[in-house]
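Enquirer: Quick one, fold the following:
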Amino acid sequence: MADEIAIALQFTVAKNSFYFDYNPGSQTFDLTGSGGGNPGLVSVGTSEEDISFGDVSGDGWILIVNLDAASTVTWGASDTTMKDIGTIGIGGFALFQFASAATLRMQSNGGGAVLCAIHRFEA
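Expert: Down below sits the predicted model:
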């Protein structure tokens, strides 16, 4: 295994008589870009803020993990203001493919900053 991202997923929902299961197993994606891992630990404030990825600018994957024990964090794309896409709960995560031309913007929904682990990898 080299120059790739491997993702193993099993997603199951069971509520009353409803049941849904999606289990594609492990999937791999080429990781041919040169950058990856940036920016690491980020303190996301209560005002909207762009997330900087340094020299990582190509299309690829982003993993965000909310490490806070009390607050959620909202994330989205930005041109001049944030277009909310999702909220990450306490201890939750988001994993998604990201276009190189887009800007990631985030905001804490609590009374203070939220510590998140944010990693972007060029594909």
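
Enquirer: What are the contacting residues of the worst-scoring helix or strand of the chain on mean pLDDT?
Expert: In the chain, no helix or strand scores lower on mean pLDDT, DSSP states H and E than strand 36-44, which sits at a mean of 85. Outside strand 36-44, the residues that touch it by Cβ atoms under 8 Å, 6 or more residues apart in numbering are 51-56, 60, 67, 73, 106-108, 113-122. All C-beta atoms are positioned from the backbone trio N, CA, C, and that covers glycine.

Enquirer: Make a ChimeraX selection of the buried ones in the residues you listed.
Expert: Buried members of the contacts of strand 36-44, defined by 16 or more other Cβ atoms under 10 Å, are picked up in ChimeraX with:
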select :51,53,56,60,73,106,107,108,114,115,116,118,119,120,121,122
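
Enquirer: Sort out for me which of the contacts of strand 36-44 are in helices.
Expert: Among the contacts of strand 36-44, the subset assigned to helices under DSSP state H is empty.

Enquirer: Can you name the residues bridging to residue 21?
Expert: In this structure, residue 21 bridges to residue 12 when assessed by DSSP bridges.

Enquirer: Distance check, it against residue 38.
Expert: 35 Å (Cβ to Cβ, to the nearest Å).

Enquirer: Please consider this matter closed, and thank you.
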